[in-house]
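Chemist: build me a model from this:
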Amino acid sequence: MREFKRTDRVADQLQKELAVLIQREVKDPRLGMVTVSGVEVSRDLGYADIHVTLLGEQTPERIKENLAVLKRAAGFLRSQIARRIKLRHVPELRFHYDESVVRGQHLSSLIDEAVASDQAQHDEADDGRDPIDGSADGSTEKDERD
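Modeler: Predicted structure coming up:
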């Protein structure tokens, strides 16, 4: 069995070409900084689902606007891909917003908060105790006799 399927190779090439094309060729001012995070191609190479992320403002309105711009530019992008990649049939491009990056950032911040909270509780428990003999004020019986 082959190590890489043809659909995987086509998807990788589409991802590379689309990243360059969107950045350099799409001249719509409404389009923000778009990153192509992944491409999935159907078995028959009829469709390509392109997953994109946005840098900067990521409000639902902004996401919808960027996806609408990409959808409108899909025909242009498809024709440019046909010139750059040797395929009998260039897949129809379908754009989707990829929430995995935002979700990953959110989970990472939750983990950081939990670690900081745990560390603060640990520090509070250790405050007020002498690490050597465990007394609260740091004095020992010998110091009180002297």
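Chemist: so what's Phe76 up against?
Modeler: Glu25, Val26 (Cβ atoms under 8 Å, 6 or more residues apart in numbering). Any C-beta I mention is one placed from the backbone N, CA and C, and that applies to glycine too.
Chemist: now with 6 Å?
Modeler: If you count contacts by Cβ atoms under 6 Å, 6 or more residues apart in numbering, Phe76 has none.
Chemist: could you measure from it over to Leu70?
Modeler: To Leu70, Phe76 is 10 Å away according to Cβ to Cβ, to the nearest Å.
Chemist: likewise for Thr59?
Modeler: In this structure, Thr59 and Leu70 are 17 Å apart, going by Cβ to Cβ.
Chemist: which one of the two has more residues nearby?
Modeler: Between Thr59 and Leu70, Leu70 has the larger neighbour count (other Cβ atoms under 10 Å), namely 24 against 9.
Chemist: so how far is Leu107 from the more buried one?
Modeler: Distance of Leu70 to Leu107, computed by Cβ to Cβ: 27 Å.
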